[in-house]
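Enquirer: Need coordinates for the below:
(2 chains)
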Amino acid sequence: MRERMKLRPGVKSLVNFLAAQVVFAAALLLTSCGPAQKPFDLEKVESVHPPTNVQIVSAGNLEGVKMIIKWTPSPDDRYASGIIAVRPDAGQEASPATKHLIKNLEEKPRDDRVKYEVFRAVVEPGEDIYSLPPDRYKKIGEAREGEDKYTDEGFIDGTEPRLVLWQARRREVEKIPRKVEESGLDSEETQVSLQTWAAKGFAPDGSVDNTNFYILQKQAETKSIPITTGENNLPDAETQKSLIEAMSDGWELKGGAGAFVLARPLAYTPEVGKGKTYAYKVRFNYGDLSADSQPSLPVASTSGLFRFDRLVNFFLTIAFIVVAGYFIFSARRGKEMYIRPIAGIAAVEEAVGRATEMGRPALFCPGIGTISGPATLASLAILSKIAEKTATYDTDLMMPNYDIFVLQVAQETIKEAYLKAGRPDAYNSDMAFFMSDRQFAFAAGISGIIARRRPAAIFLLGTFYAESLLLAEAGANVGAIQIAGTDSDHQLPFFVTACDYTLIGEELYAAGAYLGRDPKLLGTLKGQDGFKAIVMILTIIIVPLVVILFATGALQIGTFLKYLFDSEFILV
Amino acid sequence: MRQRLPLILVLVFGIIFLIQYYVPGYASVKLLTTSGDWMRVLGFFVFFIAIYSLVYHHVRRIRRKGERWRYSIITLVVMAGMVFAGFYVGFFTEAKSFDDPAYVLQKLYMSVLSPLESTMFSLLAFYIASAAARAFRARNVEATLLLITAVIVMLSRVPIGAAMWSQLPAIGDWILDWPNTAARRAITIGIGLGGAATALKIVLGIERSYLGMR
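Expert: All right, here's what the predicted structure looks like:
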């Protein structure tokens, strides 16, 4: 029986939220091609149409307000035709039409005849003035005669086009059995089969292993997808449906390296002053022809009292505080809090004991973070517990530091710990010392200390970067028991391979509460876990819901995702 | 009061800057940038404490003829030399750019410090190999799975993997793009929540280790 192999990325990609993001990104790029329009000959037209839908939108920045002007391109924008040109696979020949198009574009990546220009428009007396989004264009007053903040008309800037092409292709692959005669040639049956498939456009793809079968591949074919934009220059429902159908039918829309994507600059961010009113219009220039858009609504550059672009972040923060607060109060009322055993933290006592037995010192490294870093603060909390143990067991403690602020805090922490352990005489101000504020000088110094002093217990807890493996391997070479923990997820693999125990991610933050067993610390830890459970539940509920709504077309995915990604999540 | 005042300050300013994050406008931004400027000013003064700590540590070792005290002499001489080079360039030359021959400080940095840092960085290549040789052993099921996955990913990164099997790079990419990314994101979420919880503990005064207090 003949095997059939087809490549269909298709509908399966829709069940994944990331695929929805890819489609959104692809649609956003395709959108910039503008509305579908047949190309026309510039020499034969007498006038052009203006851009439309000029809007001023707000973007959050440090000052809370930044104006971005967006517009829909002129329908006469010749490159906004929705045509997708194809770059064939490597080794294959491009069609003559594609070759011609690519050659023209490579020779003239920018057509200087096409340009958008932004002007600040006059605001007439009596015109309504609105607030900036995200305050949702609320009317806040009327323009008054005689005020110069309404009367600045003039050219702001031109926006040059950036020319790229989309690559879209579809491949079909077939696998047919191959029979070879004694002479080494294909059998008659195989040759007939190849000819049959060649008539359908399939040819051997040149696979190395073709002893028993041929892999046939059809030439890449192209497809044009008309593009119409809706709200905020995002593809409308019809275009989205076309994209989904194309992808489910095996079409691949690709951009990036090796391909060109057609795009238009359809936004501009001007300098604005506080408390002034602005209205803009956009001029479409095509050679000697031009057309001005209608002016946008006048908006006042006031920032309001709340950053609505961080609304989701705000609600998540409040939720986190509420959840953590609940567990803190529960802990203070005496409720028993179970914390799962963490091997790395439980091994701290074993490590210090080992150092004592062997008569070798213990070394604590808080990393190269600053005092404001949460990982450094968490490591200092652990330091106090370790210092108590070294004071109790009369073990030498060494703590080289990268940051001078951390050094000051560490000295006080160790001193307090030794006082609490009843061993103030054993405290030595040289225990914590400044090493270097250069990353590799710091690593070299600690590696040297480890090689010479041969500590039996090494604690690498804090923020680490490239020097993590240097320190961990230096400790492994002297046979020390090593307990590591960092918030740098890139360094975790190095610690896991080189250290005996690794506190992964939030276990570092849990260590202080775990060792001290203070009810309030435990309550915060439980609150952190509780909020994480909420995030997990929301993810499990929302992600399939978004995919279903998107697949059924019941939700404008562009609007929804725009709302989501315009807001800053607390964790992102 | 000595213990309460810092806690009160932390609580007040923690709440202020939490509110600042959600309030737009010039005043809000000015508050943030001014506090950042003050942090840099404080950092500059604390820099002298760093120098004092370093000098004190090494002078003490020299005086006591402690372990490898001669290296402490070298440390102090080099430190003094760099300080002198900086003052020399600033006060006695007109050197304005790194290309200027009179920019002695830059020469010392590029000819001495930068190669030394590169040397330390280059050790990572060998340490990675030794750590991998030690860690990737099939002691149990999980370790075997780790070994197999690591071998696949390592081969997918080099041309010989593609020569061995054309699909190997794609499999390696899939492992990095999907299960690895999912795990990293989960860890990142945990780290983010941990950081937020630590910040909350500090603002509420539950965590006091940064003051040297319990």
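Enquirer: What average pLDDT does the helix or strand hosting residue A:530 get?
Expert: With elements delineated by DSSP states H and E, residue A:530 resides in helix A:519-552, which encompasses its position. Along helix A:519-552, the predicted local confidence has a mean pLDDT of 84.
Enquirer: Which positions within that helix qualify as buried?
Expert: Taking 16 or more other C-beta atoms under 10 Å in any protein chain shown as the neighbour-count basis, helix A:519-552 is seen to contain the buried residues A:519-532, A:535, A:546-547, A:550-551. To be clear about C-beta, it is placed using only N, CA and C from the backbone, and glycine gets the same treatment.
Enquirer: and what of stretch A:474-489?
Expert: Taking 16+ other C-beta under 10 Å as the criterion, stretch A:474-489 shows A:474-476, A:478, A:480-489 as buried.
Enquirer: Just confirm yes or no for it near chain B.
Expert: Yes. When contact is scored as C-beta under 8 Å from any C-beta of the partner chain, part of stretch A:474-489 falls within range of chain B: A:476, A:487, A:489.
Enquirer: Identify, from these, the entry nearest to residue B:164.
Expert: Taking C-beta to C-beta as the measure, residue A:489 is the one of the residues of stretch A:474-489 next to chain B closest to residue B:164, at 30.2 Å.
Enquirer: who touches the closest one in this structure?
Expert: For residue A:489, the contacting residues are A:505, B:184, B:187-188, B:191, by C-beta atoms under 8 Å, 6 or more residues apart in numbering or on different chains.
Enquirer: 10 Å instead, please
Expert: Residue A:489 sits next to A:504-505, B:183-188, B:190-191 when contact means C-beta atoms under 10 Å, 6 or more residues apart in numbering or on different chains.
Enquirer: Please apply the same query to residue A:491.
Expert: Applying C-beta under 10 Å, 6+ apart, the residues contacting residue A:491 are A:367, A:460, A:463-469, A:472, A:484, A:502.
Enquirer: Where does pLDDT dip in chain B?
Expert: B:94-102, B:212-214 (pLDDT under 70).
Enquirer: Are any of the contacts of residue A:489 buried, and if so which?
Expert: A residue is treated as buried here by neighbour count (16+ other C-beta under 10 Å); on that basis the buried members of the contacts of residue A:489 are A:504-505, B:187, B:190-191.
Enquirer: could those be laid out in TSV, adding secondary structure and distance to residue B:13?
Expert: Output for the buried ones among the contacts of residue A:489, formatted as TSV (DSSP: H, G, I helix; E, B strand; the rest coil; distance: C-beta to C-beta, whole Å):
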residue	secondary structure	distance to residue B:13
A:504	strand	32
A:505	coil	28
B:187	helix	30
B:190	helix	27
B:191	helix	24
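Enquirer: Just give me the closest of those residues to residue A:313.
Expert: Compare each of the buried ones among the contacts of residue A:489 with residue A:313 using C-beta to C-beta and the shortest gap goes to residue B:191, at 17.3 Å.
Enquirer: before we move on, back to that, want to try CSV for the buried ones among the contacts of residue A:489, with distance to residue B:204 as columns?
Expert: Shown next, in CSV, are the buried ones among the contacts of residue A:489 (distance: C-beta to C-beta, whole Å):
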residue, distance to residue B:204
A:504, 26
A:505, 23
B:187, 26
B:190, 21
B:191, 20
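Enquirer: From the residues you listed, pick the one nearest residue A:140.
Expert: When the buried ones among the contacts of residue A:489 are compared for distance to residue A:140, the smallest value, 42.3 Å, is given by residue B:191; criterion: C-beta to C-beta.
Enquirer: Tell me, how many residues neighbour the residue in chain B positioned nearest to chain A?
Expert: At 1.8 Å from chain A, residue B:24 is the closest residue in chain B, using C-beta to the nearest C-beta. Residue B:24 is flanked by 24 other residues according to other C-beta atoms under 10 Å in any protein chain shown.
Enquirer: Max pairwise distance over the buried residues of stretch A:474-489: which two?
Expert: With distances taken as C-beta to C-beta, the most widely separated pair in these is A:478 and A:489, at 27.0 Å.
Enquirer: coming back round to it: let's see which of the contacts of residue A:491 end up in helices.
Expert: A:467-469, A:472 (DSSP state H).
Enquirer: tell me the contacts of the nearest residue to residue B:205 once chain neighbours are set aside?
Expert: Sequence neighbours aside, residue B:7 is the residue nearest to residue B:205 in space, at 4.4 Å (criterion: C-beta to C-beta, 6 or more residues apart in numbering or on different chains). When the contact criterion is C-beta under 10 Å, 6+ apart, the partners of residue B:7 are B:202-205, B:208, B:211, B:213.
Enquirer: quick one: residue A:174 from residue A:212, how far?
Expert: 15 Å (C-beta to C-beta, to the nearest Å).
Enquirer: Please disregard the earlier target; I meant residue A:380.
Expert: 66 Å.
Enquirer: With neighbour numbers in mind, choose between those two.
Expert: Between residue A:380 and residue A:212, counted using other C-beta under 10 Å, the more crowded position is residue A:380 (26 against 9).
Enquirer: For the more buried one, list the residues it contacts.
Expert: For residue A:380, the set of contacting residues under the criterion of C-beta under 10 Å, 6+ apart consists of A:364, A:366, A:371, A:406, A:409-410, A:412-414, A:461-462, A:512, B:207, B:209-212.
Enquirer: Out of the contacts of residue A:491, the closest to residue B:161 would be?
Expert: Each of the contacts of residue A:491 was checked against residue B:161 using C-beta to C-beta; the closest is residue A:469, at 23.4 Å.
Enquirer: Now for that closest one: which residues touch it?
Expert: Remark: with contacts taken as C-beta under 10 Å, 6+ apart, residue A:469 is in contact with A:443, A:476, A:491, A:493-495, A:497-498, B:123-124, B:127-128, B:130-131.
Enquirer: Grab the nearest non-local neighbour of it.
Expert: For residue A:469, ignoring the flanking residues on the chain, the nearest one in space by C-beta to C-beta, 6+ apart is residue A:494 at 4.2 Å.
Enquirer: longest helix anywhere in chain B?
Expert: Secondary structure assigned by DSSP H gives helix B:26-63 as the longest helix of chain B.
Enquirer: okay, the angle between the helix or strand hosting residue A:384 and helix A:519-552?
Expert: Element membership of residue A:384 [criterion: DSSP H and E] is helix A:374-393. Here helix A:374-393 runs at 150 degrees with respect to helix A:519-552, directions being taken by axes from the mean of the first three to the mean of the last three C-alpha atoms, to 10 degrees.
Enquirer: hang on, the earlier thing: how much space between the residue nearest to residue B:205 and residue B:42?
Expert: Residue B:7 is 19 Å from residue B:42, where distance means C-beta to C-beta.
Enquirer: again, but for residue B:193
Expert: In this structure, residue B:193 and residue B:42 are separated by 30 Å, where distance is defined by C-beta to C-beta.
Enquirer: All good on my end, thank you.
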